[in-house]
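S.K.: Quick one, structure for this:
(one chain, ligands or ions: 2)
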Amino acid sequence: MESKLSKVVIAHRGASGYLPEHTLASKAMAYAMQPDFLEQDLVLSKDDVPIVIHDIHLEAVTDVASKFADRKRADGHFYVIDFTYKELLKLNVTERFNPETNLQIYPKRFPKGKGSFKLHSFQEEIEMIQGLNKSTGNTIGIYPEIKEPAFHLNEGKDISKIVLKVLSDYGYLDKNDMCILQCFDANELQRIRKELHSKLFLVQLIEFKEEAQKLKLFSTYADGVGPWYKQISKEFVKEAHNLNLEVHAYTFRADDLGEFGSFGALLDYGFNTLNLDGVFTDFPDMAVEFLQE
Ligand code: G3P
Ligand code: CA
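M.R.: Ligands and ions are numbered 1, 2, ... in the order given. All right, here's what the predicted structure looks like:
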């Protein structure tokens, strides 16, 4: 993977447009859609197991509030880090919803509260993807994100070290391996490159528009950047390319089109107008089909 890939599709939280995000079912469905990468957001459990989940809190995608009502912190949240892996496996995972209103975020998606889905570890997901690569002959990659490293450090945990060890155990060591490691925290991603000596392909995620000014700094340790597509221009992508940074933008959703008349028009804007190298999408089948056409 050392050399630049052609345009890539990243299955954002799996096939999350069709099945509850980050469930193994969603990952298996996404795998069958043949994207280039499957994404894993990672948060540590109390016993240091990297869990594939987007938030450091549990209440927007699980039934934690009814199963462990007494484990709520004073701030009103249930934290992944307060539960052992064994305890986390007791939770049912559901389509994302607003815990205050109980309404699901994307009303047309998989119905909230239906089906039987569980949390899982990063290792379990890697084993499923590597197993499928073996059984199908594909070479689909992983795209893990280290979530909130400063929060983890404050809780006495070095999530980056733990994630890098898992990656190394499963053979993801350098840019030739089908793994891209991403993080929003620029200090942490620099640390991963410079102090933890990772040789992996690193993507600096960009949350705020003003961070887009820091491309030159990002190019000193990262191989790519991951901005919100609404915050960038084709000039931004050009500047990134001039600095040898790939641009993988988030998040392309067929049920959140904004000003675009169709998902095809949105993908055309991303891949052709902006000239992105990759897109994170909840609908990997549609992005794969778009690129094939
Ligand atoms: O990681 C890139 C993409 O996933 C956008 O961020 O908030 O969905 O993890 P988020
Ligand atoms: Ca992510």
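
S.K.: Residue 116 and residue 63, how far apart?
M.R.: 12 Å (Cβ to Cβ, to the nearest Å). (Each C-beta comes from the backbone N, C-alpha and C, glycine too.)

S.K.: Give me the more crowded residue out of the two.
M.R.: Shown here are residue 116 and residue 63; by other Cβ atoms under 10 Å, residue 63 has more neighbours (15 against 8).

S.K.: Now for the more buried one: which residues touch it?
M.R.: With contacts taken as Cβ atoms under 8 Å, 6 or more residues apart in numbering, residue 63 has the following neighbours: 91-92, 94.

S.K.: Phi, psi for it please.
M.R.: phi -100, psi 30 (degrees, to the nearest 10).

S.K.: From here on, call the first residue 705.
M.R.: New numbering, starting at 705: the last item is residue 767.

S.K.: could you say which helix or strand contains residue 713?
M.R.: Element membership of residue 713, judged by DSSP states H and E, is strand 712-715.

S.K.: What is the neighbour count of the residue in the stretch 805-954 of the chain that ligand 1 sits nearest to?
M.R.: Per Cβ to the nearest ligand atom, residue 954 is where the stretch 805-954 of the chain lies closest to ligand 1, at 3.7 Å. By other Cβ under 10 Å, 21 other residues sit near residue 954.

S.K.: Skipping adjacent residues, who's closest to residue 964 in space?
M.R.: Distances taken as Cβ to Cβ, 6 or more residues apart in numbering place residue 970 nearest to residue 964, at 4.2 Å, with adjacent residues excluded.

S.K.: related to what we said a few turns ago, okay, and the residue of the stretch 805-954 of the chain closest to ligand 1 sits in which element?
M.R.: Per DSSP H and E, residue 954 falls inside strand 950-956.

S.K.: Can you spell out which helices and strands pack onto that strand?
M.R.: With contacts taken as 3 or more Cβ pairs under 8 Å, 6 or more residues apart in numbering; DSSP states H and E, strand 950-956 sits against strand 905-909, strand 928-930, helix 938-946, helix 967-972, strand 982-985.

S.K.: Ranking those by mean neighbour count, which comes first?
M.R.: strand 982-985 (a mean of 28; mean count of other Cβ atoms under 10 Å).

S.K.: Report all helices and strands that that strand contacts.
M.R.: Packing partners of strand 982-985 (3+ Cβ pairs under 8 Å, 6+ apart): strand 712-715, strand 950-956.

S.K.: Export only the CA atoms of the strand holding residue 954, formatted as CSV.
M.R.: The C-alpha trace of strand 950-956 is given here as CSV (Å, rounded to 0.1, in the frame of the first residue of the first chain):
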residue,chain,number,x,y,z
GLU,A,950,-3.8,12.1,0.6
VAL,A,951,-7.3,13.4,1.4
HIS,A,952,-10.0,11.1,2.8
ALA,A,953,-13.1,13.1,3.7
TYR,A,954,-16.0,12.2,5.9
THR,A,955,-18.9,11.4,5.9
PHE,A,956,-20.9,10.7,2.8
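
S.K.: close to ligand 2, is that strand?
M.R.: No - Strand 950-956 lies out of reach of ligand 2 by Cβ under 5 Å from the ion, never closer than 7.1 Å.

S.K.: same question for that strand, mean pLDDT?
M.R.: Computed over strand 950-956, the mean pLDDT rounds to 98.

S.K.: by how many degrees do it and strand 905-909 diverge?
M.R.: 50 degrees (axes from the mean of the first three to the mean of the last three Cα atoms, to 10 degrees).

S.K.: So which residues make contact with strand 950-956?
M.R.: 708, 712, 714, 716, 884, 907, 909, 927-933, 936, 940-941, 944-945, 967, 970-971, 974, 978-987, 991.

S.K.: run the last query once more with 7 Å
M.R.: By Cβ atoms under 7 Å, 6 or more residues apart in numbering, the surrounding residues in contact with strand 950-956 are 708, 714, 716, 907, 927-933, 936, 941, 944, 970-971, 974, 980-986, 991.

S.K.: Please apply the same query to stretch 835-853.
M.R.: 714, 735, 738-747, 760, 826, 830, 833, 863-864, 867, 882-887, 889, 892.

S.K.: So which of those reach ligand 1?
M.R.: The residues of these that also fall near ligand 1, by Cβ under 6 Å from any ligand atom, are 743, 745, 886.

S.K.: Double-check that the last one belongs to a helix.
M.R.: No - checked against DSSP: H, G, I helix; E, B strand; the rest coil, residue 886 lies outside a helix; its state is strand.
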